[in-house]
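*Asks:* next come a sequence and a model predicted from it.
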Number of protein chains: 2
Amino acid sequence: MARDRDFTTVGRALAAPARSVFVNLLMDGTTRPAGELAHAAGVSPSTASEHLGVLVDAGLVRCEPRGRHRYYALAGPDVATALEALGGLTGDAPVTSLRRSREAERLAGARFCYDHLAGRLGVALTDAWVERGWLADSDTLALTAVGSDGLRGIGVDVDAAVGGRRATTRACTDWTERRPHLAGALGAAVGARFLRAGWVVRAPAGRGVRVTPTGLDMLRTAWGIDSDIALPTAG
Amino acid sequence: MARDRDFTTVGRALAAPARSVFVNLLMDGTTRPAGELAHAAGVSPSTASEHLGVLVDAGLVRCEPRGRHRYYALAGPDVATALEALGGLTGDAPVTSLRRSREAERLAGARFCYDHLAGRLGVALTDAWVERGWLADSDTLALTAVGSDGLRGIGVDVDAAVGGRRATTRACTDWTERRPHLAGALGAAVGARFLRAGWVVRAPAGRGVRVTPTGLDMLRTAWGIDSDIALPTAG
DNA sequence: AGCACGCTTCGGCGAGCGCCGCAACGTCCC
DNA sequence: GGGACGTTGCGGCGCTCGCCGAAGCGTGCT
């Protein structure tokens, strides 16, 4: 059946400012308890609970109870993909405070975009791998044989990323850099490897990541990526 | 600057049922006058005018006055792409009448998805070209050298589709068939060629297309695509 | 067991939105 | 120029939605 699509539920789910903030926070792939989301959006816990219910009903967010907390996360990679595409059409959300401005600066350096690395770090990695012939210079950043070996060499679980239902490689246009970087199943595998190896660590709160000294050294020696690319800009 | 995205305006724009209908109607790439859209959605002209204003303000739709009519269309390919991605998350819109059900049947056969062919016809063409090695069996359906010659041979303006700002090839997951078909700049060029050659004609109203006898013959002899693939199912 | 904590549900308030009819404006046609 | 037509702008009505505070429920800690 080729019916029309009903955009009203998804649209309505995204229409409220608080829910837009929630979705933004969850786009780094993290799972967060309801209270943290409420605090971040500046609404009461009860209001946040209602909003989260709307997002769950719309199929954008899923909920998993853990002890007395209830953790929320995006429902899946397809949701993240759709939101990315939608984000390319929208304007920037207003910066509400100096703290958020600082936070924005840090995010520009390195962050997670659902489950893959983004920001200057994500773009720099992708550029380096394209230059080395690990990824094809195409719309999909297809993985080459050389790249398969190379990524395996740094401990990326390439086999798990290939052949699944999810697209192996996908180019995600960075909101900051307006340039493509590696996403898809392989992007997720790379992100997982960087976390597991301790090359980056997630910021305690927020969606940013910090590149560790080990990670900086690794980036420089392996691909000549300069340190200030992966770090927040000075000031 | 890596700021958060404000999904509220786009979300709100899609939240109203009438606006969802408008967007669905425009997703075939046609430009339609305000009155036709109003009639299709079952709202008064004044209401439709307000809704269209909201869609224009949100950047989803653009308006071009022609005489005493004002024609509306999607703002661009990126909007169509985002809506496709979003459509993959949403459910079907309820079928409101038998006439709409018949219409849905016809759309399943062949239709335009913004500017490229979709439905069983779009999927069959893509399958045939992948099988012949004209398109790579990848996530992007990348154009091969053989395919470039082949498409040029049937009059597709390949050169115009390559090297532009827009992605040359892109896989668009069909809502009907749940299978990928050719989209992007090349998909648009193919669609334009099919129209220009008279292999398909747009239905007088609605988003469907009808395959002409010439087109049927061409599809069968060139790629062995059976006629009932491109036609509405019987009944 | 008792308490503290996180989260959800419920009632109620105010604001915003979708809908229409009517009037006004510009364009096309006779 | 006069009339018909397509479209937009403006009040007004009703409904929904976002927001909160208070109460209820389940979990974890002591």
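*Replies:* It's in.

*Asks:* now the strands for chain A?
*Replies:* A:32-33, A:61-66, A:69-74, A:111-113, A:116-118, A:170-173, A:180-183, A:200-202, A:209-211 (DSSP state E).

*Asks:* please identify the most buried of those.
*Replies:* strand A:116-118 (a mean of 29; mean count of other Cβ atoms under 10 Å in any protein chain shown). Quick note: C-beta positions are derived from backbone N, CA and C, even for glycine.

*Asks:* give the contact list for the closest residue in space to A:R196 that isn't next to it in sequence.
*Replies:* The shortest distance from A:R196 to any non-neighbouring residue, by Cβ to Cβ, 6 or more residues apart in numbering or on different chains, is to A:G155 (7.6 Å). Neighbour list for A:G155: A:R193, A:R196, A:A197 [criterion: Cβ atoms under 8 Å, 6 or more residues apart in numbering or on different chains].

*Asks:* in helices, which of the residues you listed fall?
*Replies:* Residues of the contacts of A:G155 located in helices (DSSP state H): A:R193, A:R196.

*Asks:* ok, now how distant is the residue nearest to A:R196 from DNA strand C?
*Replies:* From A:G155 over to DNA strand C the distance is 34 Å, taken as Cβ to the nearest atom of the strand, to the nearest Å.

*Asks:* cool, and A:D6?
*Replies:* A:D6 is 14 Å from DNA strand C, by Cβ to the nearest atom of the strand.

*Asks:* pull up the gap between that residue and B:L89, please.
*Replies:* 11 Å (Cβ to Cβ, to the nearest Å).

*Asks:* please apply the same query to A:G191.
*Replies:* A:G191 is 23 Å from B:L89, by Cβ to Cβ.

*Asks:* would you map out the domains in chain A?
*Replies:* Following automatic domain parsing, one gets these domains for chain A: A:8-94, A:99-230.

*Asks:* returning to what we had before: let's have the contacts of A:G155 in TSV, adding pLDDT and distance to B:W175.
*Replies:* Converted to TSV, these look like this (pLDDT from 0 to 100; distance: Cβ to Cβ, whole Å):
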residue	pLDDT	distance to B:W175
A:R193	95	35
A:R196	92	38
A:A197	93	41
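
*Asks:* and the residue nearest the centre of chain A, what does it touch?
*Replies:* For chain A, A:C113 is the residue whose C-alpha lies nearest the centre (Cα atoms, centre = their mean; 1.0 Å). Residues in contact with A:C113 (Cβ under 8 Å, 6+ apart) are A:M27, A:D28, A:G29, A:A80, A:E84, A:G122, A:C172, A:D174, A:H181, A:A183.

*Asks:* select from these the one having the most neighbours.
*Replies:* Among these, A:A183 has the most neighbours (other Cβ atoms under 10 Å in any protein chain shown), with 31 neighbours.

*Asks:* nearest residue to that one other than its sequence neighbours?
*Replies:* A:C172 (3.6 Å).

*Asks:* please report the distance of the one you found from chain B.
*Replies:* A:C172 is 12 Å from chain B, where distance means Cβ to the nearest Cβ, to the nearest Å.

*Asks:* with A:A82 instead?
*Replies:* Using Cβ to the nearest Cβ, A:A82 is found at 4 Å from chain B.

*Asks:* A:D159: neighbour count?
*Replies:* Counted with other Cβ under 10 Å, the neighbours of A:D159 add up to 10.

*Asks:* to clarify, my last question referred to A:T31.
*Replies:* 16.

*Asks:* next up, the contacts around A:L151.
*Replies:* Under the criterion of Cβ under 8 Å, 6+ apart, the neighbours of A:L151 are A:W134, A:L143, A:V158, A:L186, A:A189, A:V190.

*Asks:* tell me which of those is nearest to B:S20?
*Replies:* Ranked by distance to B:S20 (Cβ to Cβ), the contacts of A:L151 are led by A:L186 at 34.7 Å.

*Asks:* stretch A:23-30 near chain B at all?
*Replies:* Yes - counting by Cβ under 8 Å from any Cβ of the partner chain, chain B has neighbours in stretch A:23-30: A:V23, A:N24.

*Asks:* what residues does that stretch touch?
*Replies:* Contacts for stretch A:23-30 (Cβ under 8 Å, 6+ apart): A:14, A:32, A:37, A:40, A:55, A:60-61, A:72-74, A:80, A:83-84, A:93, A:111-115, A:202, A:207, B:4-5, B:7.

*Asks:* give me every residue in chain A lying close to DNA strand C.
*Replies:* Counting by Cβ under 7 Å from any atom of the strand, chain A comes close to DNA strand C at A:33-36, A:38, A:45-46, A:48-50, A:52-53, A:63, A:68-70.

*Asks:* highest neighbour count among these?
*Replies:* Ranking the residues of chain A next to DNA strand C using other Cβ under 10 Å puts A:A48 first, with 24 neighbours.

*Asks:* that one contacts A:E36, doesn't it?
*Replies:* No - the criterion here is Cβ atoms under 8 Å, and A:A48 misses it with A:E36 at 9.4 Å.

*Asks:* which one of A:G191 and B:L89 has more residues nearby?
*Replies:* Between A:G191 and B:L89, A:G191 has the larger neighbour count (other Cβ under 10 Å), namely 24 against 20.

*Asks:* in chain A, what secondary structure element scores lowest on mean pLDDT?
*Replies:* Each helix and strand of chain A was given a mean pLDDT (mean pLDDT, DSSP states H and E); the minimum falls on helix A:227-230 at a mean of 56.
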